[in-house]
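Colleague: Pasting a predicted model and its sequence here:
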Amino acid sequence: MPSQATEPVDDGSLPVADEKGWVSTWGPVALGVLVILWFYAFEHRFGPKNFQSAFDWIWSAWNGENDFEHGPLFPLIIAGIIAHRFKLLKSLVSQGSAWGLVFIILGALFYAAAYRTLQPRVAMGALPFLLWGSAWYLWGWKVARLLAFPLFFFWLAIPLPSFRQATNGLQIIATAMAHHGSALFGVETIVQGTQIASAHGKWEPLEIAKGCSGIRSLMALLMISGAWACVADMAFWKRAVLFLAAFPLAIIGNTFRLVSIFVIAEYGNADWAINTWHDWSGLLLFYPFSLFLLLCLHSLLEGGLPWRKAARREVRRTVVTASQAGEPSKPFIAES
């Protein structure tokens, strides 16, 4: 009597091969995350009296004194960019490459140098190398290439003391441009160094301080333009132009803000302009105006508004069935 085939019983457990595949895929990821967390979150080597970890230091460095109040937005923006490209990243996963180990070792050497010299900036600068090298080693070059900008974008979140030396130059530029810009609206001013006064004595002399030089706005706008360029669907050189445009746009936007203060002080309430409007003009005027200029530049580079350009890029496929005598019908695909 022939034996009857028995149906496999599904008890909800994973096959052994799948379990091994899961361990081989995500085991190194979990191990890498634990190692990075240990050295960056729990190893206290930096800061005053070596009481801070690398993560503690970067969090404390994101403050108004360093003009980096926007620093906590960087991890959120990077995570958002990666989430935006997650489906594409998932489709590009391939065999890992040993070349990733080169950058992992390079990042480890940078961290070791930072640990030895007590330089937290070097330690934070090593983090993108570790993450990017790990992605290349585990998931291949295509994934690593797509993750390069979001991960190394974090370098802009590291406050650099030498970069703040540009404050003096920006103060002089801001003072000169605010002086000439105010003249366009009939406001006559007198400039002494970085101090601007009303030629008719309608308001007290104002000092273009370091915070008003535009360095704070420049750093924030670099973050915005970098994220904008990363998600923009355009050629690489256009993305580079969009990113570097943050420098002139920050100067123009800050000049517009300063001119608005002087115009209101000249023709309106000087006390309200110098205090209330000075404190709120960055949020209510600088950023909307700068983002509008960024949109105009993007549209100029693309030859139209970005969303309309993207709509025109959609490829429409039309399937036409063509048949000949004695031949089977074959699909013909036309693209427009």
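Modeller: Alright, I've got the coordinates.

Colleague: Give me the nearest residue to residue 219, chain neighbours excluded.
Modeller: residue 67 (5.7 Å; Cβ to Cβ, 6 or more residues apart in numbering). In this view, the C-beta of every residue, glycine as well, is placed from N, C-alpha and C.

Colleague: Need the three-state assignment for the one you found.
Modeller: coil (DSSP: H, G, I helix; E, B strand; the rest coil).

Colleague: Repeat that for residue 96.
Modeller: Counting by three-state DSSP, the backbone at residue 96 sits in coil.

Colleague: That one - how many residues pack around it?
Modeller: When neighbours are counted by other Cβ atoms under 10 Å, residue 96 registers 19.

Colleague: Which pLDDT value goes with the residue nearest to residue 219?
Modeller: Residue 67 is assigned 77 on the pLDDT scale.

Colleague: count of residues packed around it?
Modeller: 23.

Colleague: mind checking how far it is from residue 223?
Modeller: Distance, residue 67 to residue 223, using Cβ to Cβ, to the nearest Å: 12 Å.

Colleague: where in the stretch 101-250 of the chain is pLDDT low?
Modeller: Low-confidence segments of the stretch 101-250 of the chain, defined by pLDDT under 70: 162-168, 209-214.

Colleague: 50 instead, please
Modeller: Under the criterion of pLDDT under 50, none of the stretch 101-250 of the chain is flagged as low confidence.

Colleague: Strands of that one, residue ranges please.
Modeller: In the stretch 101-250 of the chain, the segments counted as strands under DSSP state E, counting those that start in this stretch are 189-192, 195-198, 206-207.

Colleague: just so I know, which of those strands lies nearest residue 47?
Modeller: Nearest to residue 47, of all these, is strand 206-207, at 32.4 Å by Cβ to Cβ.

Colleague: So what touches the closest one?
Modeller: The contact list for strand 206-207 (Cβ atoms under 8 Å, 6 or more residues apart in numbering) reads 194, 195, 196, 197, 261, 262, 274.

Colleague: all helices for the stretch 51-200 of the chain, in order.
Modeller: In the stretch 51-200 of the chain, the segments counted as helices under DSSP state H, counting those that start in this stretch are 54-61, 73-84, 86-91, 99-117, 120-139, 141-152, 166-184.

Colleague: Kindly compare burial across those and name the winner.
Modeller: Greatest average neighbour count among those goes to helix 120-139 (a mean of 22), per mean count of other Cβ atoms under 10 Å.

Colleague: which strands and helices sit next to that one?
Modeller: Under the contact definition 3 or more Cβ pairs under 8 Å, 6 or more residues apart in numbering; DSSP states H and E, helix 120-139 sits against helix 16-37, helix 54-61, helix 99-117, helix 141-152.

Colleague: how many degrees apart are it and helix 54-61 in direction?
Modeller: 130 degrees (axes from the mean of the first three to the mean of the last three Cα atoms, to 10 degrees).

Colleague: Centre of the chain to helix 120-139, how far?
Modeller: 17 Å (Cα atoms, centre = their mean, to the nearest Å).

Colleague: angle of that helix against helix 141-152?
Modeller: 160 degrees.

Colleague: In CSV, list the C-alpha atoms belonging to helix 120-139.
Modeller: Coordinates of each C-alpha in helix 120-139 appear next as CSV, following Å, rounded to 0.1, in the frame of the first residue of the first chain:
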residue,chain,number,x,y,z
PRO,A,120,36.6,65.2,21.3
ARG,A,121,36.3,66.9,17.9
VAL,A,122,38.6,64.3,16.3
ALA,A,123,36.6,61.6,18.0
MET,A,124,33.3,62.9,16.6
GLY,A,125,34.9,63.3,13.2
ALA,A,126,35.8,59.7,13.2
LEU,A,127,32.2,58.6,13.7
PRO,A,128,31.2,59.0,10.0
PHE,A,129,34.2,56.9,8.9
LEU,A,130,33.1,54.1,11.3
LEU,A,131,29.5,54.1,10.2
TRP,A,132,30.2,54.5,6.5
GLY,A,133,32.9,51.8,6.5
SER,A,134,30.5,49.4,8.3
ALA,A,135,27.8,50.0,5.7
TRP,A,136,30.3,49.4,2.9
TYR,A,137,31.6,46.2,4.6
LEU,A,138,28.1,44.8,5.3
TRP,A,139,25.9,45.9,2.4
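
Colleague: I am finished for the moment; much appreciated.
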